[in-house]
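**Q** below: sequence and its predicted model.
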Amino acid sequence: MVIAIDGPAGAGKSTVARALAERLGFTYLDSGAMYRCVALAALERGADTSDAEAMGRLAASLAIGFDGERVELDGRDVSAAIREPRVTEASSLVSVHPAVREAMVASQRQLIVAGRYVAEGRDIGTVVSPDAPLKVFLTASAEERARRRAEQTGEDLTAVLAAQRERDARDEGREHSALRAAEDAVELDTTGLALDEVVDRIESLARERGLV
Ligand code: DC
């Protein structure tokens, strides 16, 4: 069973999904980390991230796993490496390819079938788990999202805002699994809200729906 938390970068998905999973005793799934693993593998191999076929083959060949907070790529701990800005950028490029998405969605479905998950991403409620009994679409203003990301990574705010605008356009405009809220998703604007307020709200929804 899955609680789906979707939304754009910087809307607070990771922090919220992690905290919610901990509160409810569910497992946390960071689907973005999987696209980041494909991007890292492509960069390490010097492969062309715009080559749809090569990226699809690469994605299907990788063993991506989680051990608590640790992200493993072919048995190697890549938790830090996948957060580098160059990987962030490349992950947005590789995730446009349908074959890459197919491979990631299949792995994600395999994982979530076996337990109770809070899964975070862009397409959990629309594609990975359209039957999820609770779907939340988190948003926040572009400025607030960029400020949060800059605080996290120490990058320059203006640069973050510009890169974010490009990534948003790519995520929302791509042909396959474009970022959008599922029709039955609860939309939650986190601008100016404290983490606890957001988690409280989702926890109440989960309780109202008898999920915990
Ligand atoms: O959430 P994140 O920043 O770690 O995601 C990295 C990239 O992966 C981002 O450009 C969007 C993409 N992504 C996706 O296409 N589908 C998902 N379910 C999760 C992430």
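**A** Sure, I can see it. Residues are numbered from 1 along each chain as shown.
**Q** show me what the helix or strand hosting residue 14 is packed up against.
**A** Using DSSP states H and E, residue 14 sits within helix 13-24. If contacts are counted by 3 or more Cβ pairs under 8 Å, 6 or more residues apart in numbering; DSSP states H and E, helix 13-24 sits against strand 2-6, strand 27-30, strand 117-121, helix 195-208. C-beta coordinates here come from the backbone N, C-alpha and C atoms, glycine included.
**Q** again, only this time at 10 Å
**A** strand 2-6, strand 27-30, helix 31-45, strand 117-121, strand 134-139, helix 142-153, helix 195-208 (3 or more Cβ pairs under 10 Å, 6 or more residues apart in numbering; DSSP states H and E).
**Q** remind me, longest helix of this protein?
**A** Identified as the longest helix of the chain according to DSSP state H is helix 157-173.
**Q** follow-up on the earlier one: out of the helices and strands packed on helix 13-24, which one sits most buried?
**A** strand 2-6 (a mean of 29; mean count of other Cβ atoms under 10 Å).
**Q** tell me the contacts of the most centrally placed residue in the chain?
**A** Computing the C-alpha centroid of the chain and ranking residues by Cα atoms, centre = their mean puts residue 121 first, at 2.9 Å. With contact taken as Cβ atoms under 10 Å, 6 or more residues apart in numbering, residue 121 is in contact with 4-7, 13, 17, 29-35, 95, 104-105, 108, 127-129, 177, 179.
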